[in-house]
Structures are given as structure tokens and as C-alpha cells.
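Peer 1: structure, please.
(chains A and B)
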Amino acid sequence: MKGKNQKISLSCPMPKLDFEIITLGHGSGGLLTNRLLDSGVFNLFKNKYLDKRSDGAVLNLSNESAFTTDSFVISPLFFPNSNIGELAVNGTVNDLAMCGAIPQYLSLSFIIEEGLTMTEFWKILVAIKFASEKAGVQIVTGDTKVVEKGKGDKIFINTSGIGKLHPLAKLDILNIKVGDKIIVNDNIASHGIAIMSIREGLEFETTIQSDTKNLNDIVSTLLDTFGNDIHLLRDPTRGGVATVLNEIARDSNYGIEINQKNIPIDDQVDAACELLGLDPLYVANEGVFIAIISAEIAEAFVEQIKQIKHCKNTAIIGEIVEHHPKQVVLSSAIGGKRIINMLVGEQLPRIC
Amino acid sequence: MKFLSEFRDPILVKKIISQIEKTTTKNWNIMEVCGGQTHSLVKNGILDLLPKKIQMIHGPGCPVCVTPINLIDKAVYLAEEMDVILCSFGDMLRVPGSKKSLLQAKANGADIRILYSPLEAVKLALEQPEKEVVFFAVGFETTAPANALSVYQAQSLGLSNFSILTSHVLVPPAMEAVINDKECRVNAFLAAGHVCTIMGLEEYYPLVKKYKIPIVVTGFEPVDLLQGILITVQQLEEGKSILQNEYKRVVKPKGNRKAQELLTKIFQVKNREWRGIGTIEKSGFELRPEFKKFDANLKFKINITKAPENSDCISGLVLKGIKKPKECSQFGKKCTPESPLGAPMVSSEGACAAYYHFSAFQTSEVNSTI
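Peer 2: Numbers count the residues shown, from 1 in each chain, chains lettered A, B, ... in the order given. Now for the predicted structure:
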């Protein structure tokens, strides 16, 4: 994607093992499980909590804390710029960040379908290691189960996370008021389209990459500067920007107006959406957040994001309004208006 | 996007709208035939920008809306009972059959795949010779060549595990059926640009001549649509009725000859049933006798009793522009996008769904100004 730095390729050598694929035995809790965990998980994620190899982690939470959980069932497991492992860390880290918390601890659970190769599993583990280091979180407890062939889709991952609340965070839907601005930190729809581009039967040539990244650093810095002028943060993953905005409108009982021409989107992603008959507003993101903030700080807020990270496309996309409560209305690029609804189900490509 | 941004230029859009406003003196009902045009009108908020005297009537050119309930039932039957890999375009999956939709069948374990091209289904049949692969070949003249090509390819590859469930319909006979309905209130048509890209303009001259009704071949971008509407209104106000091509950059008078040749080779014209409308003479395609072995209908001897449409649904009258969706007693009550009674409430380009979303906004606007 243009203007976005390529990730540095990170790798750890895979330990020498006497098995190439994961079988039911690796989830039995016996010797095979221990060998898998010793060679893979425990060595890779070494920390004082995990090293105790206890049934759970004993944590000292003296602050007000946030707690969240998320499951990752993505197919394919490996996609441009990332894999399910990094997603599993960033997803939970970002959910904590959206609560105004500083992520500290993660749990990590795998449900593996027998037959997953150790090479694939190792790549996923390494991605988890680097993503958690980057986000500054420790993996403190976990679980591994193996299910029969046909009972899963290679691997499912669940992560739960705990983080202490940022002292200046006052994020609550009740704090939203008329006139608040709606900010998007980066181009939308890149993740969903990157996944689509390599799905079986749909492959098309593109350099579009997933936007998955941890957002906790950037959110923490913004909370340091703007504190309670930030009223709400949400990450528009499944269902995209449109779904999150609909939830905010519904739960706040205000209307939302957004302007199509201000919504940042990469040209390639935009073109792919046109070709595939998809609306980018409903396509998933993994490194994007929506902030509802006081109008007074809007410009400074945008400027600060642009300086912190590779978020040159940060933009004010709309505002909270009094009329049409619970509805999201988009001004199209040509000035017409239409309602942006919550989708009934999954977005299905149009015939023609 | 280059070559598209020019047709989404807000300044040009404003200019054309102002011309439409100046030109319009009477009430006119204009039917955009194609579902893609309906989608664009709604997506770009164009309905909101047009003068109140101009009513756009969303026509029957939405394949999702006009595919008969019986065909959906057959597709479900093939996927569930005959253990085939049933391949379909995406938005057919949510259309309600008499008992269930393909999406529900998929959730129950049927192997149903969303594809973008029927050629992918041929590839699938080649890769999985032990499985029967059926492509649900719906659509108008636009999608027909690709479906014809899939049969042609399957024949060339000697595939015996590929077939299509055909529900191809044709635009000009449907337009004629709309005009011939005694309750018809359509004053002019925006003809479907991409259908004409394949078929050319020749089929439309007889309609213009016989029924003295303006037909303007129109594209899909905001500037295209508005330009099409402007030309149509000019004709209506001047009492003219001619065939005009607004979409010249894509539509050539003779269309795409190669695609037409392929269509003639694989398909022949037959009477077709349209969901909600009934049977229209010579309004669809079926496979020619020499390609019948690729006809899923014959191959699997599907024996399904024809289920009646929901009696509360007036989709036929809506598709012909005789009634507005809001005139239906079930609109927004029993029938919503979440639980549609008829197909026009399903697709984003279906007339009822389009009205459902748009009218919600209008109501709240009125409320907020009181």
C-alpha cells in the first residue's frame, strides 16, 4: 500500500522436533503436549508468570482495569503482511486500548485441527511473540486443544486481555454530545480487501496489505494530551466503519453525519471494492480506530496522530448531530444523502 | 480513480441537476430498468437531489428480484438433496425460497460457494471430478455471455460433472410487458447500459417506434445517470420519443458481436417466468438441444412442486412500476430487509429495500423539522 512502510521480516529459528504435524496426541495433556509446549510456547514467551507453569497466572491489579476477550477464526491463516497470530494479539490489545486501558497481560488459547504443520504453527507463534513484544504485553496463561480433522479450520485462537486504565481516560458513550467530531486514524477497508484478494476462487493481483497493528501506543499518547476531550474510541473490525457508527448512533440516541469525500481509502482498495461489488464502509479493518472527540480539539488531535505514526491519512469524517437520532447519514461525494444501515448479515457481493 | 472521477464530479453533477430542474415543468415517471442503476441512484443519494416532479421507478432489471421462487427451491434442493457443489453469485444467497434461502441451506451444511465468475465453477469441476458442480446461472444479457462461455469451456474440456441451473432473462420483452400493462404509469425508460454493451441498440428501435416512448441508454455513474435523466426529461417535455445513447463511451450501436455469437451458439430464446410478474413470452434463454447435457434441470430430474408466492407480497406490481413499495400493506411491517416477504426487499438494488432505507431518512427529516 502506498505510503505505508513494509514490515521488517521477523523470524526465530524453529526448534528441532521429531514431529512435523500436530496430531490429537498433542492436545492430550500428556508427553506430546508437554513437548509441544516446551519447545514452542514456554521458550518463546518466557516471563515470570508463565515460567511458574501453574494452572493460571496470579496477577496484582491495583488499578482500575479493563478486561476483554476475542476469538480469531480467520481463513486463510496467512495473508499479505501478517497472519492469524499477530491478529490475535492486536485484536485484544486494541479492544483494551479502545476502553482507554494500557494493555498488560494476555491469555492465549489454541484450538488446533489435527494436521496443522509445525511450520505453520511456528510461524503463528513467532508472529504472536513479536506482536506482543511490540504492544508491550505479556502472555501469562494459555491452553492448547487439538480437535479431529474436519472439526475445525486449521487453527482457532482466543486471547483475553487485561489492562490498567489510563489515568486520564474518561471514555463513555454518555459523554458524547452534539457537535462532537468523528475521526478515523487511517485508510479504511485495507484488511478485509487484503484477505479477499487471496481467498480461494477470488485471487486477484494486488499489493494491498492488511493494516493490522497495535493501537495502544498511539491511544495512550492521545489520552496523555487530550484526556477527557476524547469521548469514545472504537475499532471498526468486523462490519467495518458503518457498523460501528450505527452502534454508536443507536446507543447514544444521537444522529451521525459523515462525509464520503473525507473518508480516507487507498486507491487500490477503493478500486477492488468497486470491482467486487462491496461497500468499503462495511469491510473489516484491523489497525483503524474511530474517535469521537470534542470539536475544539479536532484539528490538534488529527495533527498529533499524523505526527506519531504512519497515519498521514487521518481525517475528520463527520460529526454527531441532533436530528435523525439513531441514524447514520452519509453525504455522498456528489452531495446526495443516503442512510448507512446496519447490515442484516454478511456483506454479499452484488451480481452485476 | 481515473476514468471514474470525471463521472463523479460534484460540480458537473450540480450543473446537470440545475438543468433538469429548469427543464422539468410536469410530473414524469421514469423507469430505470437496471438494478445496477437503482443501486447507484441510492448509493450516491441521487434520488434526494432530483426535483420532486421526477419520480424514478425501479424496474425489473434486478436478477435477484425476478428469479422465480421455484428456481431458488430447485437450487436449494440440488445443494441439499443431490449433494452437489452449488455455486452462485453472492446476493442470490439471501433470496427467500418457499421454505428457505441458499444461505440457510449453507448453514445447514450444504456445499454452497459464492463465486464471481462461472468459469471458476468450471475450474472447480475440473479439480473435483468426483463431485457434481452446478452453477446457478441467473442474470440478464450482461451475465449471459460468461455463463455461455462456461458451458462452451466445459464442453471443450469434456467435463461431465458440470451443469448450470439457468434462469436467464432478457430486458426488451420485460420493458414491453411493463408498457403493455394497462395500469402502466411509466413515461420513459433509462435502458440498461451494460445490457446494451452486449446486445447493442437494435432491439430498442421497435419499442420506441411502436409505443412512442422515450428510451435513453444510460450508464451507472452519477453524471451518466443524471445526464440520462436530463435527456429523457428533455424528450418528454418536447413530446419526443426517440432512442438515444447517453453511454456512448461503452455502448456501441451493434454491441459486442463476439458475445452475441456465443449466446446464439449456446442458448435459444424461450418463454420465461418472472418472479412476481408471471410468464413473459420469449423473455429468456435456455440451453440449445446440443448443450442439454449441461442443463442441471434435466440432469438431476428435479421434481419440485411449484410453490405459490407469498400472497401478501405485491412485488410484481412494484417491479412494473404500478405500485410504490410504500403502497404495500406489509411494507416495513411484516416485510423488512431482515425478514423479506418478496425478493425486492432482499437485494440492495431491489426497489422495496431501496425505498425502505431511503424513506426512513425522509421520515426522520420531517420529524426533526417539526
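
Peer 1: what helix or strand is A:Ala127 located in?
Peer 2: Here A:Ala127 is covered by helix A:118-135, with elements defined by DSSP states H and E.

Peer 1: for that helix, the distance to its chain's centre please.
Peer 2: Helix A:118-135 sits 16 Å away from the centroid of its parent chain (Cα atoms, centre = their mean, to the nearest Å).

Peer 1: cool, stretch A:38-55 as well?
Peer 2: On Cα atoms, centre = their mean, the centre of stretch A:38-55 falls 25 Å from that of its chain.

Peer 1: avg pLDDT for that stretch?
Peer 2: Stretch A:38-55 shows a mean pLDDT of 87.

Peer 1: now the end-to-end length of it.
Peer 2: From its first residue to its last, stretch A:38-55 covers 15 Å (Cα to Cα, to the nearest Å).

Peer 1: so which bits of that stretch are buried?
Peer 2: Neighbour counts over stretch A:38-55 (16 or more other Cβ atoms under 10 Å in any protein chain shown) mark A:39-42, A:44-45, A:49-50 as buried. The way it works is simple: take the backbone N, C-alpha and C, and place the C-beta from them, glycine included.

Peer 1: near chain A, which residues of the stretch 51-200 of chain B show up?
Peer 2: B:63-64, B:89-94, B:103, B:113-116, B:120, B:124, B:138-140, B:142-143, B:194 (Cβ under 8 Å from any Cβ of the partner chain).

Peer 1: drop anything exposed from those residues.
Peer 2: Buried among those (16+ other Cβ under 10 Å): B:63-64, B:89-94, B:103, B:113-116, B:120, B:124, B:138-140, B:142-143, B:194.

Peer 1: select from these every entry located in helices.
Peer 2: Judged by DSSP state H, helices contain the following of those: B:63-64, B:103, B:120, B:124, B:194.

Peer 1: on that earlier part again, which among the buried residues of stretch A:38-55 gets closest to A:Lys145?
Peer 2: Within the buried residues of stretch A:38-55, the smallest distance to A:Lys145 is 13.3 Å, found for A:Val41 (Cβ to Cβ).

Peer 1: now do the nearest residue to A:Gln138 once chain neighbours are set aside against A:Val93, distance only.
Peer 2: Nearest non-adjacent residue to A:Gln138, counting by Cβ to Cβ, 6 or more residues apart in numbering or on different chains: A:Asn47, 4.7 Å away. According to Cβ to Cβ, to the nearest Å, A:Asn47 stands 16 Å off from A:Val93.

Peer 1: swap in A:Gly255?
Peer 2: Distance of A:Gly255 to A:Val93, given as Cβ to Cβ: 32 Å.

Peer 1: those two: who's more crowded?
Peer 2: Per other Cβ atoms under 10 Å in any protein chain shown, whichever of A:Gly255 and A:Val93 has more neighbours is A:Val93, with 30 against 20.

Peer 1: what sits against the more buried one?
Peer 2: A:103, A:106, A:131, A:135, A:137, A:161, A:214-216 (Cβ atoms under 8 Å, 6 or more residues apart in numbering or on different chains).

Peer 1: next, count neighbours for the closest residue to A:Lys306 other than its chain neighbours.
Peer 2: With Cβ to Cβ, 6+ apart as the criterion, A:Lys306 has its nearest non-adjacent residue at 5.4 Å, and that residue is A:Thr314. A:Thr314 has 22 neighbours, counted by other Cβ under 10 Å.

Peer 1: do the same with B:Val178
Peer 2: Neighbours around B:Val178, by other Cβ under 10 Å: 24.

Peer 1: circling back: tell me the one of the contacts of A:Val93 nearest chain B?
Peer 2: A:Leu215 (28.8 Å; Cβ to the nearest Cβ).

Peer 1: touching chain B at all, the helix or strand that contains A:Ile316?
Peer 2: Secondary structure assignment for A:Ile316, by DSSP H and E: strand A:315-321. No: remark: strand A:315-321 sits outside contact range of chain B, by Cβ under 8 Å from any Cβ, the gap being at least 9.2 Å.

Peer 1: quick one: list the elements packing against that strand.
Peer 2: Helices and strands in packing contact with strand A:315-321 are listed as strand A:181-184, strand A:255-259, helix A:298-308; criterion 3 or more Cβ pairs under 8 Å, 6 or more residues apart in numbering or on different chains; DSSP states H and E.

Peer 1: residues in contact with the helix or strand just after the shortest one?
Peer 2: This points to strand A:181-184. From strand A:181-184 onward toward the C-terminus, using DSSP H and E, the following helix or strand is helix A:190-198. Here helix A:190-198 makes contact (Cβ under 8 Å, 6+ apart) with A:1, A:74, A:76, A:79-81, A:202-204, A:206, A:208-212, A:240, A:266, A:269, A:272-273, A:276, A:278, A:280, A:283-287.

Peer 1: swap in stretch A:295-306?
Peer 2: For stretch A:295-306, using Cβ under 8 Å, 6+ apart, the contacting residues are A:179-181, A:183, A:185, A:218, A:221-222, A:225-226, A:229-230, A:291, A:293, A:311-312, A:314-316, A:319.

Peer 1: which among the residues you listed count as buried?
Peer 2: Listed as buried from the contacts of stretch A:295-306 are A:180-181, A:183, A:185, A:218, A:222, A:226, A:229-230, A:291, A:293, A:311, A:314-316, A:319; burial here means 16+ other Cβ under 10 Å.

Peer 1: closest to B:Val84 among these?
Peer 2: Nearest member of those to B:Val84, counting by Cβ to Cβ, is A:Asn185, at 46.0 Å.

Peer 1: the residue in the stretch 251-352 of chain A that chain B sits nearest to: how many residues sit nearby?
Peer 2: Closest residue of the stretch 251-352 of chain A to chain B, Cβ to the nearest Cβ: A:Gly336 (2.3 Å). The number of residues packed near A:Gly336 is 23, by other Cβ under 10 Å.

Peer 1: and for it, nearest residue in space, chain neighbours not counted?
Peer 2: B:Gly45 (2.3 Å).

Peer 1: list the contacts for the one you found?
Peer 2: Going by Cβ under 8 Å, 6+ apart, B:Gly45 touches A:330-332, A:334-338.

Peer 1: in the stretch 1-150 of chain B, what residue spans correspond to strands?
Peer 2: Secondary structure of the stretch 1-150 of chain B (DSSP state E, counting those that start in this stretch): strands at B:28-34, B:54-61, B:85-88, B:112-114, B:133-139.
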